[in-house]
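**Q** Here is a sequence together with a model predicted from it:
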Amino acid sequence: MLDATTRSGGTAAASPRAAVTEPAVAVPASAPGALPLTARCARALLSPWSRLSLLLVLLAASGACVLLFQPQRLLAHGWPPRLGGAAAAVVFAVAYGLCTVAFVPRPLLNLAAGALFGSQFGLAAALAGTVLGAGVAFGLGRVLGQDALRPLLRGRLLKAADGQLSRHGFRSMLAARLFPGVPFWAANYCAAVSRMGWSAFLLATALGSVPNTAAYVVAGARAAAPTSPAFLIAMACIAVPGLAGAAVAWRKRHQLRGHRGPSV
């Protein structure tokens with residue numbers, strides 16, 4: 001009598017039949033490139049365009065705060081009497097820096113620094129606020145805007161400006177600070193998008209901002225005596241670079257028109 005193993009063709013022949021009769025259980029396999037939901041959300045939030053959107057929201061919010069609190073009222077109402085001395089200068093420098101990030105014109109802030117603290121303390125507070133505001137704007141632009149904006153530098157002029165700032169950062173920023181026609185905020189964010197280093201940017205900002213800042217601070221400190229020699233010299237230091245900058249811009253504009261030739 002044959003045993004069950006011999007009749008079924010051995011154990012090797014019985015295993016396929018068992019495999020056919022048993023239902024197959026599908027095991028879900030995760031795709032190799034799939035990410036968890038939290039990881040995908042984090043990647044979307046940290047994407048270049050999300051960070052650029054955050055930068056725009058922060059700038060809009062800071063501009064709204066300036067419109068709400070109106071820091072220009074310091075020129076009319078003065079500094080709060082409970083703040084005085086060095087502490088007031090430090091608070092003013094911090095407020096100065098934050099206001100420059102919110103696109104408040106620096107000439108207005110420089111005049112306020114001179115009117116509130118005099119020439120010496122006003123110049124120190126204004127320069128500290130200038131470097132602080134430039135550093136904050138540079139950091140925000142570098143962290144939140146550089147990755148999204150650098151791929152957009154396709155135009156010839158944009159590439160030339162980026163190359164100049166990236167290769168010759170210190171002297172380019174020094175010239176931008178000395179030249180009165182370059183807006184402070186524009187120089188900050190253009191430098192942030194480029195590959196300029198932190199040290200070159202801050203040092204050039206501190207040195208290049210001294211002449212223009214000092215002229216406005218002295219004018220603000222001597223505004224009560226508009227016929228004094230200090231006030232007249234300060235106004236001359238403000239007016240002459242402005243006229244020179246306008247003349248250079250007018251000449252460059254006509255030179256560009258001459259290179260283009262007559263339109264057909």
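**A** Received the coordinates, thanks.
**Q** mind listing what Val210 touches?
**A** Counting by CB atoms under 8 Å, 6 or more residues apart in numbering, Val210 touches Leu127. Any C-beta I mention is one placed from the backbone N, CA and C, and that applies to glycine too.
**Q** Try it again at 10 Å.
**A** Shown in contact with Val210 (CB atoms under 10 Å, 6 or more residues apart in numbering): 123, 126-127, 130, 177-178.
**Q** Between these, which sits nearest Pro226?
**A** Set against Pro226, the nearest of the contacts of Val210 by CB to CB is Leu123 (19.6 Å).
**Q** That closest one: neighbour count?
**A** 21 (other CB atoms under 10 Å).
**Q** what's the answer for Thr227, then?
**A** Neighbour count for Thr227, taken as other CB under 10 Å: 7.
**Q** if we can go back for a sec, most neighbours among the contacts of Val210, please name it.
**A** Highest count within the contacts of Val210 by other CB under 10 Å belongs to Ala126, 29 neighbours.
**Q** so it touches Ala219, yeah?
**A** No - assessed by CB atoms under 10 Å, Ala126 is found out of contact with Ala219, at 11.9 Å.
**Q** Identify the contacts common to the two.
**A** Common neighbours of Ala126 and Ala219 (CB under 10 Å, 6+ apart) are 110-111, 114.
**Q** Can you flag which of those residues belong to strands?
**A** Using DSSP state E to define strands, no part of these is located there.
**Q** mind showing which ranges of the stretch 51-200 of the chain have poor pLDDT?
**A** Flagging of the stretch 51-200 of the chain using pLDDT under 70 yields the residue ranges 52, 69-84, 145-161.
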